[in-house]
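[1] Just the structure for this:
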Amino acid sequence: MYESFYGFREKPFQIAPNPEFLYKSPKHEAALAYLEYGVTENVGFILLTGEIGSGKTTLVQYILSRLGPDTEAVVVFQTNVTAEEMLGLILEEFDIPKSTGDKASKLSALNQCLIDRYARRKRVVLVIDEAQNLSADVLEEVRMISNIQADGQPLLQIMLVGQPELVSKLSSPSLRQFTQRIAASYHLTGLNREETRAYISHRLLKAGGAPGLFTEAAVGRIFELSGGIPRSINLLCQAALVYGFAADARVISQDIIRAIEADNVGIALPAAVTPAPPAPATPAPFVDGDGALGKRLGELESQVRDLQRVMDDTLKRLEHYRCKAEEEPLLRLQALLGEERKRNDELLKRCLKLDMENRYLRTHHSSRKQENPDD
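    Purely as a prediction, here's the structure:
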């Protein structure tokens, strides 16, 4: 929608973790150093904690993407499980056939799997995400699994990733043996104001846009609202680009951020942050109240996708048969696709502007009625 308007190759503020977009703030650099040390030196348990949306999963994905062929990594995401279920999940991740035997036979199968990797000089890393949900029994099971050794060397490196509650849970006296095994740990905090500015510019550049698209005042307000948490920054910036596109704004100003704040368009702000009072009433950007515009836009996007599929099929046939006779229809089809996309964007802009005008007129009429109740 707004990508071509701002010159992006892709959306710069996607919520899904993407190691290609990792911004290495000093905090992230320090976390990477600790985690890479733990993985490469096989020193024991590795612990990474941080607030929701602070970038833990992105960091882990970045580290895993840098591991060489001599390291095999598996990740477990399901953590609301029993100790036996956790053992089963780990076996599945290592492609060990499900055993109908008892726990001892399952542990034996895992032990043999790890020994096979060790014989092939492979380092094995197990990452358990959302580890704050693990019960004391499951954590003890994980600790016992980490004891598997060969020639005095541990065969499994374990990394726990979770929210701050994980630290509180590990402080329990019953888990003293577990905490004694933690050799590398780091707690990831939010970005400061300058890091927030650099983070936004970094993601804009990675997507092919201008690093100065957001004004300093806009960045400052984003920092205040987000608390420097990357996921909240992404949500605010994503909404800002939609609002800016609707208003034909080539620069994202503080007014746009305040409009988002006033509209409260489903932006998840940190609980500790208290939003400032709404700005004075201004013509509010688009909110598709009855869903009609969204439905129409969905239909248009569906048509564009259909055209894209047809074009892709045609391209494949051209590549396969190298038939020059089909080049002219393909060019026409590409032109049609471009025109349809352009009409789609123009329709959306017109609808957004009409909606803003209507909302302004309603607000203006309401204000006049309060001033002159007898009218």
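[2] CA atoms for contacts and neighbours, from now on please.
    Fine.
[3] For the helix or strand harbouring L235, give the mean pLDDT please.
    Of the helices and strands defined by DSSP states H and E, L235 is found in helix 230-246. Helix 230-246 carries an average pLDDT of 94.
[4] other SSEs contacting it?
    If you count contacts as 3 or more CA pairs under 8 Å, 6 or more residues apart in numbering; DSSP states H and E, helix 230-246 packs onto helix 216-226, helix 254-263, helix 327-371.
[5] Tell me what angle it forms with helix 216-226.
    140 degrees (axes from the mean of the first three to the mean of the last three CA atoms, to 10 degrees).
[6] what's the least confident stretch among the helices and strands packed on helix 230-246?
    Among the helices and strands packed on helix 230-246, helix 327-371 has the lowest mean pLDDT, at a mean of 62.
[7] May I see the buried residues of the helix or strand containing A31?
    In this structure, A31 sits in helix 26-41 according to DSSP H and E. Across helix 26-41, burial judged by 16 or more other CA atoms under 10 Å covers 27-28, 31-32, 34-36, 38-39.
[8] Now do it: distance to the chain's middle.
    The chain centroid and the centroid of helix 26-41 are separated by 20 Å under CA atoms, centre = their mean, to the nearest Å.
[9] Can you list the neighbours in contact with that helix?
    44-46, 48, 59, 63, 125, 157, 183-189 (CA atoms under 8 Å, 6 or more residues apart in numbering).
[10] Give me the pLDDT value at T40.
    Among the per-residue scores, T40 shows a pLDDT of 82.
[11] Could you give the average pLDDT over stretch 178-188?
    Summarised as a single mean, pLDDT over stretch 178-188 is 90.
[12] cool, and stretch 83-99?
    The predicted model assigns stretch 83-99 a mean pLDDT of 87.
[13] Give me the contacts around it.
    Outside stretch 83-99, the residues that touch it by CA under 8 Å, 6+ apart are 74-76, 79, 103, 105-106, 109-110, 113, 137-139, 141.
[14] and with 7 Å instead?
    Here stretch 83-99 makes contact (CA atoms under 7 Å, 6 or more residues apart in numbering) with 74, 106, 110, 137-138, 141.
[15] Out of those, which end up buried?
    The neighbour-count criterion (16+ other CA under 10 Å) marks 106, 110, 138, 141 among the contacts of stretch 83-99 as buried.
[16] In contact with the last one, which residues?
    It stands for E141. If a contact means CA under 7 Å, 6+ apart, then E141 has A83 as its contacts.
[17] on that earlier part again, F178: which of the contacts of stretch 83-99 is nearest?
    Of all these, the one sitting nearest F178 is E141; the distance, using CA to CA, is 10.2 Å.
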